[in-house]
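Asker: turn this into a model:
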Amino acid sequence: MAKAKAPQAPPGTKAGAKPVYALVGSDAFLQLQKLGAIARLLPKDAQRFDFDGDRATLAEVLDEVRSFAMFGSGKLVVIRNAEAFITRFREQLEDYLAAPCDSATLVLRADTLPKVQRVYKLIVKVGQVEECNAPTDPRSLAKWAMEQAKSAHGVTITPDAAALLADLVGNDLGRLDSELEKLAIQSDGKPIDAKSVSGGVTFQREQEMWAMTNELAAGQPADALKRWRQLVQSDTSAEFRAVTWLAMWLEDVGVVMASKRGAGPGVGKLAWKYKDRLNAFIQTAEALGPAGHSRALSLLAEIDHQSKSGIGDAATNVERFILAVGTAT
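Answerer: Next up, the predicted model:
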């Protein structure tokens, strides 16, 4: 009687994907872009499984990467916040990476992964590490915008327009791509020039809102209040967008707080955003302090709730926040 043939592994990584990838960097847009490219290397019917590194257990992750796909011809297993997972299961993960399974592709998404770690070295040996950090200098960012416009949106953007767009938006690649998409639609196939970028109503409003929060960041609450009142008069939607902008500003204050404690990525990541006002912003954040930062967060949450509940005037609520923060600094 002939022996039964051993089951063949499905063509997971055999289709072109490596068994392990690490997507390392703080730019979520680049991580997702790289993840999409990896997924396209797998068979079209490959199954995808996502885990959060804070909560995932070693057993459930390894069960997925080591078992055959039930309804497809491959697997893509993705771990978000992989730093936490690596910290909890470092030795066991190193053992897996020494001889990874070829029936699935494991992707670790992490903000940081030091090159001196054995995990990093093993991934380089059996798979691939992809850097996912946005360019930090204006020239490189403008170059990225030009390449992205062509490859993703099928349109040309002139160098001066790309430089202006980068200056207006900063190095948030997701937002840059979104604005490129809008400009591509408006251009109707024609090259995007600087006039098209600067004439966009969205950019004018974004600049005005940024100018308001930038005055607050520089410790100039009176100027911030003046800009806010001008904004409300010219843009009826301003009061609905202000909370989002102020929340982003408070997130940056939190970066300064974390940096003082020796945690987080440090204030260097804010240099692009605040430019020549970075030192003034740091002084404002330090004057606010952890307690003031916490009170500001609570006040903003209260204002957001009141505005959405129809309690008081939304524009006046924002004024109250600006005055409260100004008094604290």
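
Asker: under the pLDDT cut-off, which ranges of the stretch 151-300 of the chain? List them.
Answerer: By pLDDT under 70, the low-scoring segments of the stretch 151-300 of the chain are 200-205, 236-237, 261-266.

Asker: residue 23 belongs to a helix, doesn't it?
Answerer: No - under DSSP: H, G, I helix; E, B strand; the rest coil, residue 23 falls outside any helix and is assigned strand.

Asker: isn't it right next to residue 106, touching?
Answerer: No - look at residue 23 against residue 106 with C-beta atoms under 8 Å: they stay out of range, at 11.4 Å. For every residue, glycine as well, the C-beta is placed using N, CA and C.

Asker: residues touching the residue lying closest to residue 307 once chain neighbours are set aside, list them.
Answerer: Spatial nearest neighbour of residue 307, chain neighbours left out: residue 314 (4.0 Å); criterion: C-beta to C-beta, 6 or more residues apart in numbering. Contacts for residue 314 (C-beta atoms under 8 Å, 6 or more residues apart in numbering) come out as 239, 240, 242, 307.

Asker: what's the longest helix along the chain packed up against?
Answerer: Assignment by DSSP state H gives helix 278-309 as the longest helix of the chain. Helices and strands touching helix 278-309, by 3 or more C-beta pairs under 8 Å, 6 or more residues apart in numbering; DSSP states H and E, are helix 201-217, helix 238-260, helix 271-274, helix 314-328.

Asker: please identify which helix or strand holds residue 51.
Answerer: In the assignment (DSSP states H and E), residue 51 maps to strand 47-52.

Asker: so which bits of that strand are buried?
Answerer: Residues of strand 47-52 classed as buried: 47, 48, 49, 51 (neighbour count, 16 or more other C-beta atoms under 10 Å).

Asker: who are the packing partners of the helix or strand harbouring residue 124?
Answerer: Using DSSP H and E, residue 124 sits in helix 118-126. Packing partners of helix 118-126 (3+ C-beta pairs under 8 Å, 6+ apart): strand 20-24, helix 90-98.

Asker: make JSON lines out of those and add distance to residue 193.
Answerer: Output for these, formatted as JSON lines (distance: least, C-beta to C-beta, whole Å):
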{"stretch": "strand 20-24", "distance to residue 193": "34"}
{"stretch": "helix 90-98", "distance to residue 193": "49"}
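
Asker: hey, which of these is tucked in deepest?
Answerer: Sort the helices and strands packed on helix 118-126 by mean neighbour count, taking mean count of other C-beta atoms under 10 Å, and strand 20-24 sits at the top with a mean of 25.

Asker: from the chain's centroid, how far away is the longest helix of the chain?
Answerer: Between the centre of helix 278-309 and the centre of its chain there are 22 Å (C-alpha atoms, centre = their mean, to the nearest Å).

Asker: buried set for that helix?
Answerer: Neighbour counts over helix 278-309 (16+ other C-beta under 10 Å) mark 278, 281-282, 284-285, 288, 292-293, 296-297, 299-300, 303-304, 306-307 as buried.

Asker: which ones are touching the nearest residue to residue 324 once chain neighbours are set aside?
Answerer: Nearest residue to residue 324 in three dimensions, chain neighbours excluded: residue 299, at 5.9 Å (C-beta to C-beta, 6+ apart). The contact partners of residue 299, taken as C-beta under 8 Å, 6+ apart, are 320, 321, 324.
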